[in-house]
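Trainee: missing the sequence, but the structure's below:
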Ligand SMILES: [Fe+2]
Ligand SMILES: [Fe+2]
């Protein structure tokens, strides 16, 4: 059965939100490159690529259900960031917002009795738990690092070891 119009529209909105996430994280990566923190920059670049992957997962799903993907404009991401800890707090707040959107999308699928979409979204529900946990851990480590540049450089090295997919 082809996807219902309302669910197609809602998933298209989420595709936009995932691509916007990718754009925000890429802007954060550019900031870290400029700040000569290559490990943080790499981490954010990979995070950005993951978000494109999320968008494409939804893209493929809409197509498989006989729907039509429509892409919308992306908001210009900010280029003004504070200390690394503030930036990662912003990233965490952003992930929490995305979690709420996924939750709303799941509720909408339930209201429309769209079982395949609910099953598809379960992957995203699990992923958001992981995302919040990963970003939250970096926030905690940066808080603990405080004003120590030695600790900051250590974390930069550590985050730079993040493996690509
Ligand atoms: Fe995502
Ligand atoms: Fe994410």
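Mentor: Looks like it arrived, so ask away. All figures in this text were calculated on a predicted structure; none of them were measured in a lab. Residues are numbered from 1 along each chain as shown. Ligands and ions are numbered 1, 2, ... in the order given.

Trainee: phi and psi next, for residue 75.
Mentor: Torsion angles at residue 75 (phi, psi; degrees, to the nearest 10) stand at phi -70, psi 150.

Trainee: ok, now which ones touch the closest residue to it other than its chain neighbours?
Mentor: Among residues not flanking residue 75 along the chain, residue 20 sits closest, at 6.0 Å (CB to CB, 6 or more residues apart in numbering). Any C-beta I mention is one placed from the backbone N, CA and C, and that applies to glycine too. The contact partners of residue 20, by CB atoms under 8 Å, 6 or more residues apart in numbering, come to 74-75, 77.

Trainee: briefly note if whatever helix or strand residue 137 lives in comes near ligand 1.
Mentor: If you go by DSSP states H and E, residue 137 is part of helix 115-145. No - interface with ligand 1: helix 115-145 contributes nothing (CB under 5 Å from the ion), its closest point being 6.6 Å away.

Trainee: what comes up buried for that helix?
Mentor: For helix 115-145, the neighbour count (16 or more other CB atoms under 10 Å) marks 117-118, 120-121, 124, 127-128, 131, 135-136, 138-139, 141-142, 145 as buried.

Trainee: now stretch 39-55
Mentor: Neighbour-count burial for stretch 39-55 flags 39-48, 50-52, 54-55 (criterion: 16+ other CB under 10 Å).

Trainee: now this structure against ligand 1: closest residue?
Mentor: Across the chain, no residue is closer to ligand 1 than residue 54, which sits at 3.7 Å (CB to the ion).
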